[in-house]
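> got a predicted structure plus its sequence, pasted below:
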Amino acid sequence: MSPPDEARRAEVFGEIRQAIQAGDMDAARRRAAAALDEGFEHPQLLNLRALDHEAHGRFEKALADLRRAHLLAPKDFAILNACGLCLGRLQRIEEAVQCFKQALEIEPAFGPAWFNSAWALEQLGEVAKAADAYAKAVEISPENVQAWANLAWLAARRGDEAATRQYADRAFALQPDHPTAVLALANVELAEPLVAERRLRKLLNEPRLGAYDRSVALGQLGDVLDAQDRPAEAFAAYEQGNALMQEEAAPRFEVGPLSVAGALAWMIPWAQALDRRSWFVDRPTAASAAGAAGHVFLVGFPRSGTTLMESALAAHPHVVSLEERNTLQAGVRAFLGDARSASRLTTIREADLKPYRDDYWAFVKSQGVDPAGKIFIDKNPFNTLKLPLIYRLFPNAKIIFAIRDPRDVMLSCFRRRFNLNASTYELLDLRRGAAFYDSTMRFADVLRGKKPMAEHALVYERLVEDFAREMRATCAFIGAEWREDLADFAGRARRGEVASASSAQISRGLYADGAGQWRRYRDQLAPVLPVLAPWVEQFGYPAE
């Protein structure tokens, strides 16, 4: 196809410009797509077609167009910003952060990229960095009401009531009763549940409230009702809020490569069929390319105490940690897509694994962690499903497996408001969450029979009952000396250094009232208690 002549080019771009000026973006996108099909190539055309792809959920195609546009216009910071947004919608958050960073290197005064970067950092749990980026966004654009409201929300997460009220007031000055700011205030008013309940019910009576904000408000209402010892009403609020969130997120997570149910359908049979003789093979020691003195994976299931343990260990001068990052993403893409690719883990040569080990350590360092000479702790409860990959890449790593009463785990998962991904999506529904828990524990159990690794069981209830005793045992397991000051971990959460949904609880320090909460919700949990019962028995918890 011969390239269009200049007259035709001027005609096409004139039509697109007229559509944009008239506010008809749909027409502009369609005309841009037609022009590309006609043989034109220009960053603006690719950007417009990408917007059309995104509007119809074709995010991979949108990303391809934006990457091509970036190659044609490498200094166009707006295109990099659009790339980051597209990657965010694909749940490739770490890559999104890098795109926003590149955009800001080109144009530091581009407010939207600061806001979007803050959003992405918030998704990763980088609360302190997210707050800094939101602060930069409002410095550039003081009228950005959502940025002020998000600052209030982050301040509430770290338990800073004064800052929460300060930022909420700035948001209200621009938009009275802004939903996110209202939610932030309700979050810090939990100690006054009647006050918080009135605030939340007023917000929920607003007919224009969006589905996401309504879902969060219902979850917070559940917390407020729970604080008043009204468990049946609280559970109904949690259930309604989760159902709203599930409905909104279903198109992203129900089918395709992001489906956890689809992954578990092959993972457990694959593990059961694994030939122990080929799996249980002495393999050469894989020295850490990063020079780590020790390597520990902290796994289990969300809300089982992993954040509490990581927060304590991270205070040790000989320990560095990374909390809930996709450190194994290259290996997961290569080996955990289906049973056939997973089976390559039993036959692949050691030399062919080196790139995946190198990618792992490079990612760790890219997150600002230097493991050289330290014990490195990779904390991610969802890495339980990646244990086959962990064994093959790091056969000498140690595993800390967090255990908590499965009934409390499931209740806590149902009540918490996680950043959504394919795994946390499953926790929005009580029955699906229990099935997910059961499958994860079965998968781990099967693998223990195929290749036992150096593993230490960390029991949440024992940890909060006698922190020093349990921490001594854990320190001995990972090769670190015990220190009395490890109990002073709550400050990390208050400074915004805790990434998970447990940050608010961690900021309180040690407390034992999280144990046995399931009994107050016995009737509501009844449908899933039989699913959890085998694990209640195996882990040694009383039946009642």
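The structure has been received and is ready for your questions. Numbers count the residues shown, from 1 in each chain.
> quick one: stretch 174-181 to chain centroid distance?
26 Å (CA atoms, centre = their mean, to the nearest Å).
> what does that stretch contact?
Residues outside stretch 174-181 that contact it (CB atoms under 8 Å, 6 or more residues apart in numbering): 143, 145-146, 148-150, 152-153, 167-168, 171-172, 203, 206, 209-210, 213, 217. In short, each C-beta sits where N, CA and C put it, glycine included.
> repeat that with 10 Å
The contact list for stretch 174-181, computed with CB atoms under 10 Å, 6 or more residues apart in numbering, reads 142-153, 156, 164-165, 167-172, 182, 184, 199, 202-203, 206, 208-210, 212-214, 216-217.
> would you list the buried entries among the residues you listed?
With burial judged by 16 or more other CB atoms under 10 Å, the buried subset of those is 144-153, 156, 164-165, 167-168, 170-172, 182, 184, 199, 203, 209, 213-214, 216-217.
> E6: how many residues sit nearby?
E6: 8 surrounding residues under other CB atoms under 10 Å.
> so F401: helix, strand or coil?
Here F401 is recorded as strand under DSSP: H, G, I helix; E, B strand; the rest coil.
> just checking, it touches A444?
Yes - counting by CB atoms under 10 Å, F401 does reach A444; the two are 7.2 Å apart.
> quick one: the strands in this protein?
Remark: strands assigned in the chain by DSSP state E are 294-299, 319-323, 375-379, 398-403, 455-459.
> can I get these in JSON lines with mean pLDDT?
Shown next, in JSON lines, are those (pLDDT from 0 to 100):
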{"stretch": "strand 294-299", "mean pLDDT": "95"}
{"stretch": "strand 319-323", "mean pLDDT": "91"}
{"stretch": "strand 375-379", "mean pLDDT": "95"}
{"stretch": "strand 398-403", "mean pLDDT": "95"}
{"stretch": "strand 455-459", "mean pLDDT": "93"}
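> mean neighbour count and distance to L45 added to the ones you listed, as TSV?
Formatted as TSV, the strands of the chain follow (neighbours: other CB atoms under 10 Å; distance: least, CB to CB, whole Å):
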stretch	mean neighbour count	distance to L45
strand 294-299	24	46
strand 319-323	22	41
strand 375-379	25	43
strand 398-403	23	51
strand 455-459	17	55
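> with respect to R340, which of these lies nearest?
Proximity to R340, assessed across the strands of the chain by CB to CB, is greatest for strand 294-299 (24.7 Å).
> mind giving me the packing neighbours of the closest one?
Contacts defined by 3 or more CB pairs under 10 Å, 6 or more residues apart in numbering; DSSP states H and E place strand 294-299 against helix 306-313, strand 319-323, strand 375-379, helix 387-393, strand 398-403, strand 455-459, helix 467-478.
> to A265, which of these lies closest?
Nearest of these to A265, taken as CB to CB: helix 387-393 at 16.0 Å.
> same for the closest one, what does it pack against?
If contacts are counted by 3+ CB pairs under 10 Å, 6+ apart, helix 387-393 sits against helix 260-273, helix 276-279, strand 294-299, helix 329-335, helix 339-343, helix 350-366, strand 398-403, helix 430-450.
> list the buried ones in that helix?
L387, P388, L389, I390, Y391, R392, L393.
> now swap in stretch 313-329 and tell me
Neighbour-count burial for stretch 313-329 flags 313-316, 318-329 (criterion: 16+ other CB under 10 Å).
> pLDDT below threshold where in the chain?
Low-confidence segments of the chain, defined by pLDDT under 70, span residues 1-4, 255-258, 279-290, 452, 488-514.
> can I get the lengthiest helix in it in CSV? Just the C-alpha atoms.
Ranked by number of residues, the top helix in the chain under DSSP state H is helix 231-253. Extracted C-alpha coordinates of helix 231-253, given in CSV (Å, rounded to 0.1, in the frame of the first residue of the first chain):
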residue,chain,number,x,y,z
PRO,A,231,-23.0,-9.1,63.8
ALA,A,232,-26.1,-10.1,61.7
GLU,A,233,-26.5,-6.5,60.4
ALA,A,234,-22.8,-6.1,59.9
PHE,A,235,-22.6,-9.3,57.8
ALA,A,236,-25.5,-8.2,55.7
ALA,A,237,-23.6,-4.9,55.0
TYR,A,238,-20.4,-6.7,54.1
GLU,A,239,-22.3,-9.1,51.8
GLN,A,240,-24.1,-6.3,50.0
GLY,A,241,-20.9,-4.3,49.5
ASN,A,242,-19.0,-7.3,48.3
ALA,A,243,-21.7,-8.2,45.8
LEU,A,244,-21.5,-4.7,44.3
MET,A,245,-17.8,-4.9,44.0
GLN,A,246,-18.0,-8.4,42.5
GLU,A,247,-20.5,-7.3,39.9
GLU,A,248,-18.3,-4.4,38.9
ALA,A,249,-15.2,-6.5,38.6
ALA,A,250,-16.6,-9.7,37.1
PRO,A,251,-15.7,-8.9,33.5
ARG,A,252,-12.1,-8.6,34.4
PHE,A,253,-11.7,-11.8,36.6
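> noted, bye for now.
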